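S.K.: Below is the sequence, then the predicted model.
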Amino acid sequence: MKRLFAIGLIALMLLLAVPATAQTSNNLLQTLQKDGSFTKVISLFHTTHRDTSLIVAGPFTVIAPTDDAFNKLSAAAQNGVMSDRSIQNGLTRNAMISSKYTLDQLVSMGYARTLDGRRLPVSRGSDGTVTIGWAKVVKPNIEARNGIIQGVDAIIIPT
């Protein structure tokens, strides 16, 4: 009886020692849709057929401009982005990083290498604000089953 109690106690201690992690059953695309503030970047992922990657592939870190980021552009610039296939491809490849990185991990690395091979600087300001490229992270660490989303306040246009 004592042995059974000891085994049970050890099992309980091991269970408590493993940190619980927030898991979601939603993929990256579903998570973007559920949030509601990423409709324009979702449209770009659909148009460039990268939405399939957000559903079945990964893990990815997605640097996703919010709708507010798109709304900062003039109507003509928004129309240009939404109608030019090469710009759309560049934006979506620039918005994806192979592997899942939390914001703290990206800051520690000092950069993020996107699917198109660009190296975007990542830094934390004295006020705690994190920037990726020149975009401020406004919605950090949104977990998905196959990755993580870092919502930003600007569109990072490949140059």
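M.R.: Cool, got the structure.

S.K.: Now tell me which helix or strand of this structure has the poorest mean pLDDT.
M.R.: The weakest-scoring helix or strand in the chain, judged by mean pLDDT, DSSP states H and E, is helix 2-17 (a mean of 45).

S.K.: And stretch 86-104, what's buried?
M.R.: 87-97, 100-101, 103 (16 or more other Cβ atoms under 10 Å). C-beta here means a position set from N, CA and C on the backbone, and glycine is covered the same way.

S.K.: Low-confidence bits of this structure, can you list those?
M.R.: 1-23, 159 (pLDDT under 70).

S.K.: I'd like to know how far the closest residue to residue 65 other than its chain neighbours sits from residue 26.
M.R.: Among residues not flanking residue 65 along the chain, residue 155 sits closest, at 4.7 Å (Cβ to Cβ, 6 or more residues apart in numbering). Residue 155 sits 24 Å away from residue 26, going by Cβ to Cβ, to the nearest Å.

S.K.: just the strands in this protein please.
M.R.: 60-65, 96-98, 111-113, 119-124, 130-132, 135-144, 147-152 (DSSP state E).

S.K.: any chance of those strands in TSV, plus distance to residue 54?
M.R.: As requested, the strands of the chain are arranged in TSV below (distance: least, Cβ to Cβ, whole Å):
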stretch	distance to residue 54
strand 60-65	7
strand 96-98	8
strand 111-113	17
strand 119-124	19
strand 130-132	18
strand 135-144	8
strand 147-152	8
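
S.K.: Thought residue 133 was touching the residue nearest to residue 65, still the case?
M.R.: No: assessed by Cβ atoms under 8 Å, residue 155 is found out of contact with residue 133, at 9.6 Å.
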